[in-house]
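Peer 1: Below is the sequence, then the predicted model.
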Amino acid sequence: MSYLWSVFTKPWIGLPGDELGRLISGLGFAGAEVPVRESAYVTPATAEAELPKFTAQLRAEGIEPISVASDLSEQVFAACAESGVPMIRIMADLGPDGYAAAVRRNRELLEHAVVLTERYDVQVGVQLHHGRYVSSTLGVLQLIDGLPERFKLVWDAAHDALAGDHPAVTLELGADRLGIVNLKNVHYLRTGDGWKTNFVEAEDGLSDWPAVFATLRQLKYTGPICLTGQYSDPAVPVETRLEKDLRFAVTSAAQHPSRE
């Protein structure tokens, strides 16, 4: 299978597009998810003016933008349309009102965005996330059920594992909605304050990446694969770990064994 090997560029959130493009191209990537957030080089307020220039600089370095991590404001939709970015990625947060109320609230947010997805021809990708978010693949699929096809599942290897699921099950269930496959890995670490999530390199966590690729091959998935560059221990540079994890992912995609 041929994938667009991509990376979430949050670790270099302050870099301009030309510097960022050279850096991640040098690491072996051909695609990028760009944060468009208040703390980023491109913010929601500046997106309409800055995102087209930023993405043009990425493309000049051989990097294709696969998505932005942002909000569902109209200015972000407009900026993505102008820049040729196909997707806005979000997560469905939970609040003090409880899970059911939070799901209703997030569903209303998505329903209000339907007209924007149609007006700008930009997708919305909803990612599962451990903790105070809709945290399972099935929860995200329930949230977007019945919405137009532009609403996609962003499947995440680490958060799927934290939910106690297996990629052979959840990827198959989400196949019709699968927009991006995120790769990172995680395990639990006992600390003085209890068990904490500890994001680690590809071979050290709960998620079985070879099993992910075995399932993707069966599903004939050819969309973007995005390594998120999230590691809890800062002792090793993120670039070093990403290069190693990309090699492991490429090898897993080619051989697709499972370590069951």
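Peer 2: Happy to help now that I have it.
Peer 1: Identify the residue nearest the geometric centre of the protein.
Peer 2: For the chain, the residue nearest the mean C-alpha position is N182 (4.8 Å; Cα atoms, centre = their mean).
Peer 1: What strand or helix carries that one?
Peer 2: Using DSSP states H and E, N182 sits in strand 178-183.
Peer 1: Now do the helix or strand just after that strand, average pLDDT.
Peer 2: Downstream of strand 178-183, the first helix or strand assigned by DSSP H and E is strand 185-191. Regarding strand 185-191, the rounded mean pLDDT is 96.
Peer 1: ok, and what's touching the next helix or strand after strand 185-191?
Peer 2: On the C-terminal side of strand 185-191, the closest following helix or strand by DSSP H and E is strand 194-200. Strand 194-200 has contacts (Cβ atoms under 8 Å, 6 or more residues apart in numbering) with 130, 158, 162, 184-190, 205, 230-233. No exception for glycine: its C-beta is placed from N, CA and C like everyone else's.
Peer 1: got the angle for strand 194-200 vs strand 185-191?
Peer 2: Relative orientation of strand 194-200 and strand 185-191, computed by axes from the mean of the first three to the mean of the last three Cα atoms, to 10 degrees: 150 degrees.
Peer 1: Report the buried residues of strand 194-200.
Peer 2: Buried residues in strand 194-200, defined by neighbour count with 16 or more other Cβ atoms under 10 Å: 197-200.
Peer 1: Can you check what pLDDT the model gives the nearest residue to E203 once chain neighbours are set aside?
Peer 2: In space, and not counting its chain neighbours, E203 is closest to F248: 6.3 Å by Cβ to Cβ, 6 or more residues apart in numbering. We have a pLDDT of 98 for F248.
Peer 1: burial measure for F248, as a count.
Peer 2: 18 (other Cβ atoms under 10 Å).
Peer 1: any idea which element it lies in?
Peer 2: Assigned by DSSP H and E, F248 belongs to helix 238-255.
Peer 1: residues of that helix that come out buried?
Peer 2: Buried residues in helix 238-255, counted by 16+ other Cβ under 10 Å: 238, 241-242, 245-246, 248-249, 252-253.
Peer 1: now swap in stretch 206-226 and tell me
Peer 2: Using 16+ other Cβ under 10 Å as the burial criterion, the residues of stretch 206-226 that qualify are 206-216, 221, 224-226.
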